[in-house]
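# following is a predicted model, sequence given first.
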Amino acid sequence: MNIYMTSGTPEFMESLKEKYAAESLIAMHGHGNSLLLHETVGKTVFQTPRRYEVISSSGTLQDNGYFVFNNIPVTDEGRPVFEHRFTELTGAIESELGFIAFRLLRPLDSDTYIVLTEWSDSTHYTRWENSSSFDKAHSSNHADTGVDTSLHIFSSAPYVTTYTTKNKI
């Protein structure tokens, strides 16, 4: 399974979504940025997309939610450690109220992984972000998962982007 993304104006993203209605496309809109996401096992309809391989997933992405993209630049040497850590922790979020879907995306053309979560609305994400289960899942002590946290696996600082679908704006 792969995910492809392209960016543009809200109007253009919505028009592409309508043009390719037979595809699994989700138009998302954030602060000054809109994108179209295509999850498929086949080829994408985009001409020059950002390309990712789905290496861990839970739930089904829906076209009516609040999306959080945790963008994490990882060094080549750090990829196995990073992937191990996040594939081991995927179950920590599934029972949270308002959780819809999770994707761990391995970049095919860059160094920035995306930890994508979808929530029914921003309130549920904020509640989870301020919970003890969030703290446990993101604690720096991962000795029990076999992760050596003394390694410098990140190539630059991570950043978060959020999006909603047109129905949630």
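Great, that's in hand.

# Ser155 against Pro73, yeah?
Yes - the criterion here is Cβ atoms under 8 Å, and Ser155 meets it with Pro73 at 4.3 Å. C-betas here are computed from N, CA, C, even on glycine.

# identify the bridge partners of the residue positioned nearest the centre of the chain.
In the chain, the centroid-proximal residue (Cα atoms, centre = their mean) is Leu116; its distance is 1.6 Å. Counting by DSSP bridges, Leu116 is bridged to Phe69, Arg103.

# least confident secondary structure element in this protein?
Across the helices and strands of the chain, mean confidence by mean pLDDT, DSSP states H and E is lowest for helix 132-137: a mean of 75.

# mean confidence score for the following helix or strand past that one?
Using DSSP states H and E, the helix or strand that follows helix 132-137 in sequence is strand 159-164. Mean pLDDT, computed over strand 159-164, is 96.

# do the same with stretch 122-130
In this model, stretch 122-130 carries a mean pLDDT of 93.

# from the chain's centroid, how far away is it?
Remark: stretch 122-130 is offset 16 Å from the chain centroid, using Cα atoms, centre = their mean, to the nearest Å.

# show me the contact partners of that stretch.
66, 68, 93, 96-99, 117, 119, 134, 162, 164 (Cβ atoms under 8 Å, 6 or more residues apart in numbering).
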